[in-house]
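>>> Dropping the sequence and predicted coords here.
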Amino acid sequence: MDVANPVVLAKFAKGRVMGTLVYPNALAGAVLLLMPLALTLAFGTKKLRPAIRVIVIVLACFLGGAGFFWTGSKLGG
C-alpha cells in the first residue's frame, strides 16, 4: 500500500492554487511564446473571407496584447 507524503498532504490542505500558468509572468511568457504562432496562422490563412480574416487578425492581436495587460506582467505595465 502506498502512503502519501505528509508534507504534500499539508500543502494540499492549505487550498492554495498550484499550477504552471497561475503566476502572471508565467502566463505572460506562454502568451509571448504562442502569440507569433497565432499571428502566423491568422495572417497565413487564405481560405477565410477577407472580413472574417481581418476579424481573426484583430482578435489575435487584441487577445495577445490584452493577455499581457490582464496578467499584470512587466511587459503589460
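It's in.
>>> In the protein, what helix or strand scores lowest on average pLDDT?
Of all regular secondary-structure elements in the chain, judged by mean pLDDT, DSSP states H and E, the least confident is helix 24-44 with a mean of 82.
>>> C-terminal to it, what's the next element?
helix 50-71 (DSSP states H and E).
>>> thinking again about what came up before, can you list contacts of the least confident helix or strand of the chain?
Contacts with helix 24-44, where a contact means C-beta atoms under 8 Å, 6 or more residues apart in numbering, come from 20-21, 53, 56-57, 59-61, 64, 67-68, 71-76. No exception for glycine: its C-beta is placed from N, CA and C like everyone else's.
>>> Going by neighbour count, which of these are buried?
Among those, the ones that count as buried by 16 or more other C-beta atoms under 10 Å are 56-57, 60, 64, 67-68, 71, 73.
>>> Which member of the residues you listed is positioned nearest residue 11?
Here the nearest of those to residue 11, counting by C-beta to C-beta, is residue 71; it sits at 24.2 Å.
>>> give me every residue that touches that closest one.
24-25, 27-28, 31.
>>> how many neighbours does the closest residue in space to it that isn't next to it in sequence have?
Nearest residue to residue 71 in three dimensions, chain neighbours excluded: residue 24, at 4.0 Å (C-beta to C-beta, 6 or more residues apart in numbering). The number of residues packed near residue 24 is 15, by other C-beta atoms under 10 Å.
>>> same check, this time on residue 27
For residue 27, using other C-beta under 10 Å, the count is 19.
>>> Residue 52 versus that one, what's the distance?
Distance, residue 27 to residue 52, by C-beta to C-beta, to the nearest Å: 28 Å.
>>> How about residue 65?
From residue 65 to residue 52 the distance is 21 Å (C-beta to C-beta).
>>> who's more crowded, these two?
Ranked by neighbour count (other C-beta under 10 Å), residue 65 and residue 52 place residue 65 first, with 14 against 11.
>>> and of the buried ones among the contacts of helix 24-44, the nearest to residue 7?
Among these, and counting by C-beta to C-beta, the member closest to residue 7 is residue 71, at 29.8 Å.
>>> Let me know the distance separating the closest one from residue 63.
12 Å.
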